[in-house]
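Novice: Need coordinates for the following:
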Amino acid sequence: MSDDAAGSSSAEKGLEGAQHGVASFDTDEKSPLRMVQHFLHNYPTAIPFIVLIIGILIFSVAAGSKFFAPFNLSLVLQQVTIIGVLGIAQTLVVLTAGIDLSVGAIMILSSIVMGRLAVVVGVPVPLAFAAGLLTGTLCGFINGILVALVRLPPFIVTLGTWSIYGALVIFVSRSETIRSQDIAAAAPFLQLLGTIIKLGGGAVITYGAVLMIILAFLIWYMLARTAFGRHIYAVGDDPEAARLAGINTKATLIGVYTLAGLICAIAGWVTIGRIGAVSPLAGQNANLDAITAVVIGGTSLFGGRGSIVGTLVGALIVGVFRNGLALAGVDVLWQEFTVGILIILAVTIDQWIRKVSA
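Specialist: Here you go, the predicted structure:
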């Protein structure tokens, strides 16, 4: 056999082997762990649901029948109402790969504007309520302008406005709390969301919880069924690609932060109904709790992936773990320790899921 023929034969065998190798690689079945990774990548909301179910099973044993009492289960829903509404606002921002550290301050500032105008100043309640909503919307709009037009990092912007809005809370409120009985006498509408609805079997629900569910549905519909919702996901996933596709990324970001501010103002109304009073000290941990609900709920801190449903489930997870641990007699210190572990696990899982190739 000539050298040319031998070389040709070797090349053909090499090519044939390479083809077999490619075919073998393509048909190679994924490992179970890889399959789980791909499943969670396609259905990230499944993670918080699984954690919630595990938590319920654990506390059904650790806390006994007290945990499954209808009143206790409804109490968990009431306890996470404020976190849930704030979490909805935070989710919108995180979907754009941003973060809003000022949501808690906006919530309290809006509630104080509503309360002081209606009770202290004597402004008609509808106008005072509208002023509170406008306050939250304006605060969110300012955040959006600084992020989208001035091009400052969302973390830095909202860290600064958190301090600014917090200072305004002290200035407007004069560090005074408006008592529940004063609000009931002058502006009972502001306490409306604290009204209890009896469901039977000892279970109760408040108008605030109902509003949270309605608001979640409306924002879910916007994200899933409207062009603006798709733009939010696109900007969070790849802002440059979104811009090249014709999406006005600046207008989208301003719209997101403005809408988040409005939702924070609604959370302020929920807060008044929940505690009955208007206090500059209310909801001091609400900001971090909202971020916790968003992260545990499966929304990626890198943007472009997540859901409102996941955030509500994340809020329920926080409520269930704190409630269950309290019923089991665990100290508050370890309740916070557990929530911290949940946050780290959620971010770790998110990082792992993001490694799935497109």
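Novice: all strands for the stretch 1-150 of the chain, in order.
Specialist: For the stretch 1-150 of the chain, no strands are identified by DSSP state E, counting those that start in this stretch.
Novice: OK, contacts around residue 339?
Specialist: Residues in contact with residue 339 (Cβ atoms under 8 Å, 6 or more residues apart in numbering) are 292, 318, 321-322. In this view, the C-beta of every residue, glycine as well, is placed from N, C-alpha and C.
Novice: Heading C-terminal from the longest helix anywhere in the chain, find the next helix or strand.
Specialist: Counting by DSSP state H, the longest helix found in the chain is helix 249-275. Using DSSP states H and E, the helix or strand that directly follows helix 249-275 along the chain is helix 286-296.
Novice: Not counting its neighbours along the chain, what's nearest residue 116?
Specialist: What sits nearest to residue 116 in space, not counting adjacent residues and going by Cβ to Cβ, 6 or more residues apart in numbering, is residue 172, at 6.5 Å.
Novice: Quick check: pLDDT value at the one you found.
Specialist: Residue 172 is assigned a pLDDT of 95 by the prediction.
Novice: same deal with residue 186?
Specialist: Predicted confidence (pLDDT) for residue 186: 93.
Novice: you'd agree it is up against residue 118?
Specialist: Yes. Between residue 186 and residue 118 there is a contact at 6.2 Å, judged by Cβ atoms under 8 Å.
Novice: The two - which one has more neighbours?
Specialist: residue 118 (27 against 17; other Cβ atoms under 10 Å).
Novice: How much space separates the more buried one from residue 180?
Specialist: Distance, residue 118 to residue 180, using Cβ to Cβ, to the nearest Å: 14 Å.
Novice: Equivalent analysis for residue 31, please.
Specialist: As for residue 31, its distance to residue 180 is 59 Å (criterion: Cβ to Cβ).
Novice: now residue 266
Specialist: Residue 266 sits 20 Å away from residue 180, going by Cβ to Cβ.
Novice: Give me the more crowded residue out of these two.
Specialist: Per other Cβ under 10 Å, whichever of residue 266 and residue 180 has more neighbours is residue 266, with 24 against 15.
Novice: quick one: pLDDT of the closest residue in space to that one that isn't next to it in sequence?
Specialist: Of all residues not flanking residue 266 in the chain, residue 85 sits nearest, at 6.2 Å (Cβ to Cβ, 6+ apart). Listed pLDDT for residue 85 reads 96.
Novice: start at 59 instead
Specialist: In the new count, where the first residue is 59, that last one comes out as residue 143.
Novice: correct me, but residue 143 touches residue 327?
Specialist: No. At 9.1 Å, residue 143 and residue 327 do not qualify as touching, with contact defined as Cβ under 8 Å.
Novice: Spit out the contact partners of the residue lying closest to residue 309 once chain neighbours are set aside.
Specialist: Nearest residue to residue 309, sequence neighbours excluded (Cβ to Cβ, 6+ apart): residue 206, at 7.7 Å. Residue 206 sits next to 307-309, 311-312, 315 when contact means Cβ under 8 Å, 6+ apart.
Novice: Any chance of a ChimeraX selection covering the buried ones in those?
Specialist: Remark: buried members of these, expressed as a ChimeraX selection using 16 or more other Cβ atoms under 10 Å:
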select :307,308,311,312,315
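Novice: Let's have the contacts of residue 206 in JSON lines, adding distance to residue 253.
Specialist: As requested, the contacts of residue 206 are exported to JSON lines (distance: Cβ to Cβ, whole Å):
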{"residue": "307", "distance to residue 253": "42"}
{"residue": "308", "distance to residue 253": "41"}
{"residue": "309", "distance to residue 253": "38"}
{"residue": "311", "distance to residue 253": "37"}
{"residue": "312", "distance to residue 253": "35"}
{"residue": "315", "distance to residue 253": "31"}
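Novice: Of the contacts of residue 206, which is the nearest to residue 345?
Specialist: residue 315 (15.2 Å; Cβ to Cβ).
Novice: wouldn't the closest one be in contact with residue 207 here?
Specialist: No. Using Cβ under 8 Å, residue 315 is not in contact with residue 207; the gap is 11.2 Å.
Novice: Now find how far off-centre stretch 292-306 is within its chain.
Specialist: How far stretch 292-306 lies from its chain's middle: 22 Å, per Cα atoms, centre = their mean, to the nearest Å.
Novice: Quote the end-to-end distance of it.
Specialist: 11 Å (Cα to Cα, to the nearest Å).
Novice: on that earlier part again, and the gap between the residue nearest to residue 309 and residue 313?
Specialist: 9 Å.
Novice: One more: residue 182?
Specialist: 30 Å.
Novice: Residue 177 now?
Specialist: Here residue 177 is placed at a distance of 33 Å from residue 313 (Cβ to Cβ).
Novice: Not counting its own residues, what contacts stretch 219-229?
Specialist: Identification of contacts with stretch 219-229 by Cβ under 8 Å, 6+ apart yields 159-160, 162-164, 166-167, 170, 197, 200-201, 204, 338, 345.
Novice: can you rerun that using 7 Å?
Specialist: Residues from elsewhere that reach stretch 219-229, judged by Cβ atoms under 7 Å, 6 or more residues apart in numbering: 159-160, 163-164, 166-167, 170, 197, 200-201, 338.
Novice: So, low pLDDT: which residues of the stretch 259-408 of the chain?
Specialist: Scanning the stretch 259-408 of the chain for pLDDT under 70 picks out nothing.
Novice: What about the contacts of residue 397, which are in helices?
Specialist: 350, 376, 379-380.
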